[in-house]
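> here you go, sequence then predicted model.
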Amino acid sequence: MASTWYSAPAPVTRRVRAYLAPVNRATATPTLFDPSEQGGFSLDNPPAPWVSLGWIQDFNRKSGSRTSSVLSGIPAAPLEQVRETLQAQVSLQFLSWTKLTMALATGSQHMNLLVPASGASTSADGAPAVSAVSVQSGSTALFIMLAAADAAKFAPGSIVALDADYTGQTGFVGAPISGAYVRQALSDVDYIRRVTFNVALVSEVNSTGLILAEPLPGGAPVAGAKLQAVTGFVDREGGCFYQEWSALFVMQGSQGERIFFHYPRLQPMVSAEESSIPLSGKSPSGHARVQLKAQFLALPVTDPLDGERVLCYRSFLPAPNALV
Amino acid sequence: MQNAKDSFYMALRTRLVVINPERIILLRGTVRPGILVEEAEAPFSQTPSDVFLLRWHGLGIELNLASSMAAGECEILYQTCGTQTFGGLDRGRSLSEMDEELMAMLQPFYTPKLNYTASPPATMLTQVFWDEPALTPIATQRDQLSRSAKVVVYSYQEQGE
């Protein structure tokens, strides 16, 4: 009779893939990943609201948690162990520069450079912008409905940012992904669109609106959202805002097994840093790939299963037919 | 390792049919996809052009595992003189097309392992997987351009193998 199982050696993987999802900062609610329900997802099509960051390099997990012994007796001997501190860090390098990877690889706010108004005064993080246009109801994460006159202001290949006007509020701003924390009221009506993560490339323009090349990370625009064109992105060394994301790292094994590292709450912990990787080992001073380096601190969540505080969930879905 | 070698070849052949159905060869009176295993054919007096030729080289076994892992080195050779339509002046383009087809054939970098001595072929328990190819520089011999790519193919040995 043919065997129906085999003893699987340690997983063999080629690369690590990263995904992230928003944390609701106002309610401190992370996005949870359930490997039992969602573990079989297509790596190119993660379940909402997870957004793919592509393949990453030099993925490294480091636990800073410490335990200590409670000693008893003469001579003293360990009676039991207690967990003294709970800490974990993650570091990695992104293989692409996008709004999200750049934002994750900086320590503070990450801003969109809005297209400046004609004759606007210069500013290091973007001059006063061209007026925003109103987004009409019925828009989705991939199609932005606009009045015909407004749609004509954009062209395929434009980058656009969508979010609400800033109206003087304080606290976390940006929906549903918080892009900044406003400590005192500002005067820039475009401020939320400067920090929003709802950014995408326009692939087509027609008289009813814009078709986006990729879905908006935050999903369909919120009511009252407005749209502005973006020329690029900027971040700063400095600032006191800490972004926070739920993160998921996936290692796909050669036999179909999967290892998941799910950090419900990750905050970038170092300022922007890059590394240059020469394209050719024979020419170290030639062309080099500039990779974004990122390092994160894991924050705890309370697991409702048993009330334990945890930083990371490591899950393993074994290969088909492998002994467990 | 034979099942892994067969599975690797059949995976590439199946993928090639989709990628470029026009890459074919007439061999022993039969039209086949343009990919061959050298050791499974009669010796060639001259390596055929415009097809992929798989040549197996080294073999390594890792025994200190729950299931032994075999690694075989496969060299994929291909050459072209271009087309008669363009008098061979398109041989560089033809080789580039074969480069692209090879890259596409190799992805994804795994395939189910099948036992092709059974009829119909029996799906086994594990998958065959391989690394990115290491491509050699183009070799030029008169009007012929050739290149090869080396790929290490891995497989876990199952019961009965």
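Cool, got the structure. Residues are numbered from 1 along each chain as shown, chains lettered A, B, ... in the order given.
> can you pull up the bridge partners for the residue most central in space within chain B?
For chain B, the residue whose C-alpha lies nearest the mean C-alpha position (C-alpha atoms, centre = their mean) is residue B:54; its distance is 4.4 Å. Judged by DSSP bridges, the bridge partners of residue B:54 are residue B:37, residue B:76.
> residues touching it, list them.
By C-beta atoms under 8 Å, 6 or more residues apart in numbering or on different chains, the contact set of residue B:54 is B:8, B:9, B:12, B:35, B:36, B:37, B:38, B:74, B:75, B:76. For the C-beta atoms, the positions are set from N, CA and C on the backbone; glycine is no exception.
> chain A contacts on chain B?
Chain B comes close to chain A at residues B:65-67, B:69, B:109-110, B:122, B:125-127, B:129, B:154, B:156, B:158-160, as judged by C-beta under 8 Å from any C-beta of the partner chain.
> just the ones of the residues you listed in strands?
The strands, defined by DSSP state E, take in B:69, B:110, B:122, B:125, B:126, B:127, B:129, B:154, B:156 from these.
> and the first one, how many neighbours?
Residues contacting residue B:69 under the criterion other C-beta atoms under 10 Å in any protein chain shown number 19.
> distance of it from residue A:55?
Distance of residue B:69 to residue A:55, given as C-beta to C-beta, to the nearest Å: 24 Å.
> beyond the lowest-mean-pLDDT helix or strand in chain A, next helix or strand please.
None of the helices or strands of chain A scores lower by mean pLDDT, DSSP states H and E than strand A:273-278, at a mean of 90. Later in the chain than strand A:273-278, the nearest helix or strand by DSSP states H and E is strand A:288-298.
> who are the packing partners of the next helix or strand after that next one?
Using DSSP H and E, the helix or strand that follows strand A:288-298 towards the C-terminus is strand A:301-302. Helices and strands touching strand A:301-302, as assessed by 3 or more C-beta pairs under 8 Å, 6 or more residues apart in numbering or on different chains; DSSP states H and E, comprise strand A:309-310.
> paired strands for the strand it packs on, with orientation please.
By DSSP bridges, strand A:309-310 pairs with strand A:301-302 (antiparallel).
> now find how far off-centre the strand it pairs with is within its chain.
Distance of strand A:301-302 from the chain centroid (C-alpha atoms, centre = their mean, to the nearest Å) equals 20 Å.
> go on, stretch A:301-318?
20 Å.
> the strands in the stretch 51-200 of chain A, which residues?
A:51-63, A:66-72, A:77-85, A:88-94, A:110-114, A:133-134, A:143-145, A:159-163, A:171-173, A:180-182, A:199-206 (DSSP state E, counting those that start in this stretch).
> wait, chain B
Using DSSP E, strands in chain B cover B:24-27, B:30-33, B:35-37, B:52-62, B:69-80, B:110-115, B:122-130, B:134-135, B:139-141, B:144-156.
> what pairs with the shortest one, and is each one parallel or antiparallel?
Here strand B:134-135 has these sheet partners by DSSP bridges: strand B:144-156 (antiparallel).
> and the strands of the stretch 51-200 of chain A, which is most packed in?
strand A:159-163 (a mean of 27; mean count of other C-beta atoms under 10 Å in any protein chain shown).
> so which residues make contact with it?
Strand A:159-163 is touched from outside by A:112, A:114, A:135, A:144, A:154, A:174-175, A:192-194, A:196, A:198-202, A:210, A:212, A:216, A:221-222, A:225-232, with contacts defined as C-beta under 8 Å, 6+ apart.
> just the buried members of those?
Buried members of the contacts of strand A:159-163, counted by 16 or more other C-beta atoms under 10 Å in any protein chain shown: A:112, A:114, A:135, A:144, A:154, A:174-175, A:192-194, A:196, A:198-200, A:202, A:210, A:212, A:216, A:221-222, A:225-230.
> and chain B, which of those contact it?
Applying C-beta under 8 Å from any C-beta, the subset of the buried ones among the contacts of strand A:159-163 adjacent to chain B is empty.
> show me the residues you listed that map onto helices.
A:192, A:193, A:194 (DSSP state H).
> in JSON lines, list these along with pLDDT.
Output for those, formatted as JSON lines (pLDDT from 0 to 100):
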{"residue": "A:192", "pLDDT": "96"}
{"residue": "A:193", "pLDDT": "96"}
{"residue": "A:194", "pLDDT": "96"}
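> alright, I will stop here.
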